[in-house]
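Peer 1: 3D model of this:
(one chain, ligands or ions: 1)
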Amino acid sequence: MIKPIQSFEEYTATYASSISDPEAYWASQADQFVWKKKWTKTLEWNFTEPSVKWFLNGKLNITENILDRHLKVSPDKVALYWEANNPDEQGKAISYKELYEQVCLFAGVLRSKGIKKGDRVCIYMPMIPELTIAVLACARIGAIHSVIFAGFSASAVADRVNDAQAVAVITSDGSYRGTKSIGVKSLIDEALQTCASVKTVVVAKRTGDAVEMLSGRDYWWEEEIKKATPVYEAEEMDAEDPLFILYTSGSTGKPKGVVHSIGGYMVYTAFSFANVFQYKEGDIYFCTADIGWITGHSYLVYGPLLQGATQIMFEGVPTFPDAGRFWNIIDKYKVTHFYTAPTAIRSLMSFGNEVVEKYSLKSLKVLGSVGEPINEEAWHWYNEFIGKKNCPIVDTWWQTETGGILISPLAGITPLIPSYATLPLPGVQPVLVDANGMVLEGNNVEGNLCMKFPWPSIIRTTYGDHERCKQTYFSTYPNLYFTGDGCKRDENGYYRIIGRVDDVINVSGHRFGTAEIENAINEQADVIESAIVGYPHEIKGQGIYAYVICDKTDKSEDQLRKEILESVVKMIGPIAKPDKIQIVPGLPKTRSGKIMRRILRKIAEGELNSLGDTSTLLDPGVVEEIKKGAL
Ligand code: 7RM
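Peer 2: I've put the predicted structure just below:
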């Protein structure tokens, strides 16, 4: 188990030694785990190919570190308290021993279907315990899991399943979210019509709604585990074998499959969980993220369970049955650690303080924030009304590609500054560069955030396309990992993340590429061309503003907008729906045909009088037309 840093002095000393001898530092952290065979070399790397390998020739199974290890010392300790969508439904408490048994059993189901080490398994499920079990069962047999967030459309699921060439899909009959029940299996059926690689579908029962079961392909979870032989002997894996693929959006149209490998991801998620949250024996940890995103992978499945924590898994939504649901859960389970997203904080803040005042919240010790910059107003509200000015707020900066938190306060150990992610974790070496790639030395500088040295859970590749990994993250600035974020280092050396500097929009903490949404809009038959920009949105952080050129048609603008929204829902899912759609006669383009997004952003922000230089435009007149119709 990782022992967290205890004081600011220790942080400073540890940071210095982790930089002067990173290999010794990470070897000492990796030594805290169970390995089947110890590694022979700690690190081999270059950022040009790129190729990063940690704990070379080390053999292990990550689930032995989550299950078998804790089973020996605390079999009856609760691993998961599962809270159902409906507060009247009985929840579940699953001990480490029960989790072990369930994972071994379901691993047996996967083996009985011929699934083996290296095979890809896609998981499309609501937030029910079977989701955690499915993820760990894959890891137990060495299959590579690819969890797809259960809000993605059939078409988006099919793209991901095909890219991963998955042999199996694990899903549920349906799901509950707030007042709605949603057909999950039927969506999988639709997606799989174009996925020839999938031979097996396992369906967990949640809603009991009738679903179609394709004979020879589809099996019920509950029936299969009755017949299965448990996998008590965990598969021996190499430290650099892939653990999972998680698709994430970038500045191009097609989401990338970010690949993480077992050894480094294990060490770094446990290490960062222990240090950032300062979780202590007896604490109750509640992360509101969905396992379909990286936060759920690293800080709901792997990090906390590796550290033997007790945590809450919540199926529902923050506003059902009312906007006090999170606070209700905190009081019910005496939650000590609460980790959520700024968008949720802003949204709950908007319901007024009366909702919060009904709850005591006095069990809370540490608050966390993740996914996007947290504005000062939300930070202060979180601090005063949730933390009662008694809980450090850890503003954790990281990415799908980084696998774990890289820049963040350590709760109660290092200083806090509202809206600052503050300081790098040990072993993390941020640098800021200007547009020409010149490294900005010293303090009080602002530039593009890069990392100059690998940490154990850095992205290894993008699945099936290593060149894309190289181009996206390692080519902009030679010998640096480029994050895509702008960042300031203040006069005292503290980091403040400013936001994306590429064509990525962060909506409610979810990433979308502008091209990805444009492609979905362009699928609507009347659309000729479109351009997407982000604009400041009170709750979501960024909203999506779409400028769309359509063919001549008899349809009304409202009808066009409706069909465009339908197209986005069909291609990606409801989470990517534009907030505003403006039908325009043309787009501002340079003579070389590039859309000037800077101008579109200004218009979306309502800053019609500060558009800057438009003289390089092919047709400056089009800007006047767009301004007239601005929403
Ligand atoms: C964990 C996660 C990554 C992008 C990242 C940033 C933004 C995340 C913060 C943040 C400011 C934060 N992974 N971001 N955390 N910006 N402060 N604490 O969100 O891959 O989905 O997104 O999110 O722009 O590059 S992610």
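Peer 1: could you use CA atoms for every contact and neighbour count after this?
Peer 2: Noted.
Peer 1: what's around the spatially closest residue to residue 402 that is not a sequence neighbour, how many residues?
Peer 2: Of all residues not flanking residue 402 in the chain, residue 458 sits nearest, at 4.8 Å (CA to CA, 6 or more residues apart in numbering). Residue 458 has 25 neighbouring residues, counting by other CA atoms under 10 Å.
Peer 1: can you check residue 186 too?
Peer 2: For residue 186, using other CA under 10 Å, the count is 18.
Peer 1: dihedrals phi and psi, the residue nearest to residue 402?
Peer 2: phi -70, psi 150 (degrees, to the nearest 10).
Peer 1: got a pLDDT number for it?
Peer 2: pLDDT, residue 458: 98.
Peer 1: contacting residues for it?
Peer 2: Residues in contact with residue 458 (CA atoms under 8 Å, 6 or more residues apart in numbering) are 52, 260, 264-265, 401-403.
Peer 1: could you redo the last one with a cut-off of 7 Å?
Peer 2: Residues in contact with residue 458 (CA atoms under 7 Å, 6 or more residues apart in numbering) are 401-403.
Peer 1: neighbours of the closest residue to residue 490 other than its chain neighbours, how many?
Peer 2: Counting by CA to CA, 6+ apart, residue 444 is the residue found nearest to residue 490 once chain neighbours are left out, at 4.4 Å. The local packing of residue 444 (other CA under 10 Å) involves 14 other residues.
Peer 1: then residue 594?
Peer 2: Neighbour tally, residue 594, other CA under 10 Å: 12.
Peer 1: could you measure from it over to residue 486?
Peer 2: 23 Å (CA to CA, to the nearest Å).
Peer 1: equivalent analysis for residue 425, please.
Peer 2: To residue 486, residue 425 is 19 Å away according to CA to CA.
Peer 1: my read: residue 518 touches residue 529, true?
Peer 2: No. Between residue 518 and residue 529 there is no contact under CA atoms under 7 Å: 8.0 Å.
Peer 1: ok, residue 56 - contacts?
Peer 2: Per CA under 7 Å, 6+ apart, neighbours of residue 56: 39-43, 239.
Peer 1: out of the residues you listed, which sit inside strands?
Peer 2: 41-43 (DSSP state E).
Peer 1: what about the ligand: which of those residues touch it?
Peer 2: Among the ones in strands among the contacts of residue 56, not one lies near the ligand by CA under 6 Å from any ligand atom.
Peer 1: close to the ligand: what parts of the stretch 201-350 of the chain are there?
Peer 2: residue 295.
Peer 1: rerun that using 8 Å as the cut-off
Peer 2: Neighbours of the ligand within the stretch 201-350 of the chain, by CA under 8 Å from any ligand atom: 248, 293-295.
Peer 1: circling back to that earlier point, make a markdown table out of the contacts of residue 458 and add pLDDT and neighbour count.
Peer 2: Conversion of the contacts of residue 458 to a markdown table gives the following (pLDDT from 0 to 100; neighbours: other CA atoms under 10 Å):
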| residue | pLDDT | neighbour count |
| --- | --- | --- |
| 401 | 98 | 22 |
| 402 | 98 | 23 |
| 403 | 98 | 26 |
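Peer 1: can you tell me which of the residues you listed lies nearest to residue 449?
Peer 2: Residue 449 has its nearest neighbour among those in residue 402, at 12.8 Å by CA to CA.
Peer 1: got the contact list for the host helix or strand of residue 28?
Peer 2: Per DSSP states H and E, residue 28 falls inside helix 22-30. The contact list for helix 22-30 (CA under 7 Å, 6+ apart) reads 2, 18, 42-43, 267, 427.
Peer 1: farthest-apart pair in these, please.
Peer 2: Comparing every pair within the contacts of helix 22-30 by CA to CA identifies 2 and 43 as the most remote, at 19.7 Å.
Peer 1: show me which of the ones in strands among the contacts of residue 56 is closest to residue 98.
Peer 2: residue 42 (34.4 Å).
Peer 1: for that closest one, which non-adjacent residue is closest in space?
Peer 2: Distances taken as CA to CA, 6+ apart place residue 55 nearest to residue 42, at 4.4 Å, with adjacent residues excluded.
Peer 1: do residue 217 as well
Peer 2: Closest to residue 217 by CA to CA, 6+ apart is residue 200, at 4.7 Å.
Peer 1: what count of nearby residues applies to the one you found?
Peer 2: Neighbourhood size, residue 200 [other CA under 10 Å]: 21.
Peer 1: ok, what's across the strand from the residue in the stretch 101-250 of the chain that the ligand sits nearest to?
Peer 2: Distance from the ligand to each residue of the stretch 101-250 of the chain (CA to the nearest ligand atom) is smallest for residue 248, at 6.7 Å. Note on residue 248: beta-bridge partners by DSSP bridges are residue 256.
Peer 1: identify the residues contacting it.
Peer 2: Here residue 248 is in contact with 255-258 (criterion: CA under 7 Å, 6+ apart).
Peer 1: ok, of the residues you listed, which one's closest to residue 625?
Peer 2: Checking the contacts of residue 248 one by one against residue 625 (CA to CA), the nearest turns out to be residue 255, at 33.4 Å.
Peer 1: ok, the closest one - contacts?
Peer 2: 247-249.
Peer 1: will you turn these into JSON lines that also has pLDDT?
Peer 2: Listed next are those as JSON lines, based on pLDDT from 0 to 100:
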{"residue": "247", "pLDDT": "97"}
{"residue": "248", "pLDDT": "94"}
{"residue": "249", "pLDDT": "88"}
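Peer 1: low-confidence ranges in the stretch 451-600 of the chain?
Peer 2: Scanning the stretch 451-600 of the chain for pLDDT under 70 picks out nothing.
Peer 1: ranges for the strands of it?
Peer 2: Ranges of strands in the stretch 451-600 of the chain, per DSSP state E, counting those that start in this stretch, are 461-462, 481-489, 495-500, 504-507, 510-513, 527-537, 541-550, 580-583.
Peer 1: okay if I get those as TSV plus mean neighbour count and distance to residue 87?
Peer 2: Formatted as TSV, the strands of the stretch 451-600 of the chain follow (neighbours: other CA atoms under 10 Å; distance: least, CA to CA, whole Å):
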stretch	mean neighbour count	distance to residue 87
strand 461-462	23	40
strand 481-489	21	39
strand 495-500	21	37
strand 504-507	23	28
strand 510-513	20	27
strand 527-537	20	31
strand 541-550	23	29
strand 580-583	19	35
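Peer 1: for these, give me TSV that also has distance to the ligand.
Peer 2: Listed next are the strands of the stretch 451-600 of the chain as TSV, based on distance: least, CA to the nearest ligand atom, whole Å:
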stretch	distance to the ligand
strand 461-462	14
strand 481-489	5
strand 495-500	5
strand 504-507	7
strand 510-513	6
strand 527-537	13
strand 541-550	10
strand 580-583	22
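Peer 1: could I get these in a markdown table, plus columns for distance to residue 277?
Peer 2: Below are these laid out as a markdown table (distance: least, CA to CA, whole Å):
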| stretch | distance to residue 277 |
| --- | --- |
| strand 461-462 | 29 |
| strand 481-489 | 23 |
| strand 495-500 | 19 |
| strand 504-507 | 24 |
| strand 510-513 | 23 |
| strand 527-537 | 29 |
| strand 541-550 | 24 |
| strand 580-583 | 38 |
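Peer 1: report the contact partners of residue 364.
Peer 2: 335-337, 387.
Peer 1: looking at the residues you listed, which is nearest residue 285?
Peer 2: Out of those, the member with the shortest distance to residue 285 (by CA to CA) is residue 337, at 4.6 Å.
Peer 1: wait, isn't that closest one in contact with residue 365?
Peer 2: Yes. Assessed by CA under 7 Å, residue 337 is found in contact with residue 365 at 6.0 Å.
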